[in-house]
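J.: sequence and predicted structure below; questions after.
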Amino acid sequence: KAGVTQTPRYLIKTRGQQVTLSCSPISGHRSVSWYQQTPGQGLQFLFEYFSETQRNKGNFPGRFSGRQFSNSRSEMNVSTLELGDSALYLCASSGTSGGPTDTQYFGPGTRLTVL
Amino acid sequence: AQSVTQLGSHVSVSEGALVLLRCNYSSSVPPYLFWYVQYPNQGLQLLLKYTSAATLVKGINGFEAEFKKSETSFHLTKPSAHMSDAAEYFCAVSNAGGTSYGKLTFGQGTILTVHP
């Protein structure tokens, strides 16, 4: 099976712009979670989608949003970019139920740099 | 609320020596615990997980971890380090409940260096 794929791998934007990141989960997986990884804050949970519905959300401002399509592919959007949004954004997919014991399989991430 | 503390942001061992990476958790309900490894410029790869079955969990690449409820710990060990083990390791916790769907709470990570 193909793993989790994320596009693009690298992105450079300027403050005030918006950005959309894409994630394709492992075939058959219905749960997709997003995380932000920075040197200062570590790995932080953004949100989780299951069958096109957001089931859980972390403590991030409303500028961070996401969606999931009927084929389980997911996108996240960050509007009005700030310098502090520079980070590695990781997507993970898990099983058919997305339960707490399911293994999350991570993609390689999208490295976002905000100038 | 749940949290994870990894003791030691950097651990250095010699090749062939024991690897011990420490993880303590805090959770108001029975936890599920995970260890992931991250190599440079890559995503995270699962090493092993504890989901309330056996307390001693064996994972990939010779790693294992023991869940100790009395100590709220889930330390990761490997008897003999290889150069290829050099990476960053993350301990994570999840638990049952609607507010935990798809959410792993991670520790700050431990960078493992292996010397020849």
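T.: Received it, and whenever you're ready, just let me know what you need. Residues are numbered from 1 along each chain as shown, chains lettered A, B, ... in the order given.
J.: by mean pLDDT, flag the weakest helix or strand of chain A.
T.: When each helix and strand of chain A is scored by mean pLDDT, DSSP states H and E, strand A:53-57 comes last, with a mean of 92.
J.: how far off centre is that one?
T.: Centroid separation between strand A:53-57 and its chain, computed with C-alpha atoms, centre = their mean, to the nearest Å, is 12 Å.
J.: does it come close to chain B?
T.: Yes - Strand A:53-57 lies within reach of chain B by C-beta under 8 Å from any C-beta of the partner chain, at A:R55, A:N56. Any C-beta I mention is one placed from the backbone N, CA and C, and that applies to glycine too.
J.: buried residues in that strand, which are they?
T.: Buried residues in strand A:53-57, counted by 16 or more other C-beta atoms under 10 Å in any protein chain shown: A:R55, A:N56, A:K57.
J.: specify the beta-bridge partners of the nearest residue to the last one once chain neighbours are set aside.
T.: The reference is to A:K57. Leaving aside its sequence neighbours, A:K57 sits nearest to A:F47 (C-beta to C-beta, 6 or more residues apart in numbering or on different chains; 4.6 Å). As for beta bridges, A:F47 partners with A:W34, A:K57 under DSSP bridges.
J.: from what I see, A:F47 and A:G58 are in contact.
T.: Yes - checked against C-beta atoms under 8 Å, the pair A:F47 and A:G58 is within contact range at 6.3 Å.
J.: which one's more surrounded, these two?
T.: Remark: of A:F47 and A:G58, A:F47 carries more neighbours, 24 against 16, as counted by other C-beta atoms under 10 Å in any protein chain shown.
J.: measure that one to B:E66 for me?
T.: From A:F47 across to B:E66, the span is 33 Å (C-beta to C-beta, to the nearest Å).
J.: how much space is there between A:L88 and chain B?
T.: 9 Å (C-beta to the nearest C-beta, to the nearest Å).
J.: A:V114 too?
T.: Going from A:V114 to chain B by C-beta to the nearest C-beta gives 19 Å.
J.: which residues touch that residue?
T.: Counting by C-beta atoms under 8 Å, 6 or more residues apart in numbering or on different chains, A:V114 makes contact with A:I12, A:K13, A:T14, A:R15, A:L81, A:E82, A:L83, A:G84, A:D85, A:S86.
J.: tell me which element the first one falls in.
T.: Read it as A:I12. strand A:10-13 (DSSP states H and E).
J.: does any bit of that strand sit next to chain B?
T.: No - against chain B, strand A:10-13 shows no contacts by C-beta under 8 Å from any C-beta, the least distance being 10.1 Å.
J.: what is that strand packed up against?
T.: Packing partners of strand A:10-13 (3 or more C-beta pairs under 8 Å, 6 or more residues apart in numbering or on different chains; DSSP states H and E): strand A:19-24, strand A:110-114.
J.: nearest spatial neighbour of the residue of chain A found nearest chain B, chain-adjacent residues omitted?
T.: Across chain A, the shortest distance to chain B (C-beta to the nearest C-beta) belongs to A:E48, at 2.8 Å. For A:E48, ignoring the flanking residues on the chain, the nearest one in space by C-beta to C-beta, 6+ apart is B:G102 at 2.8 Å.
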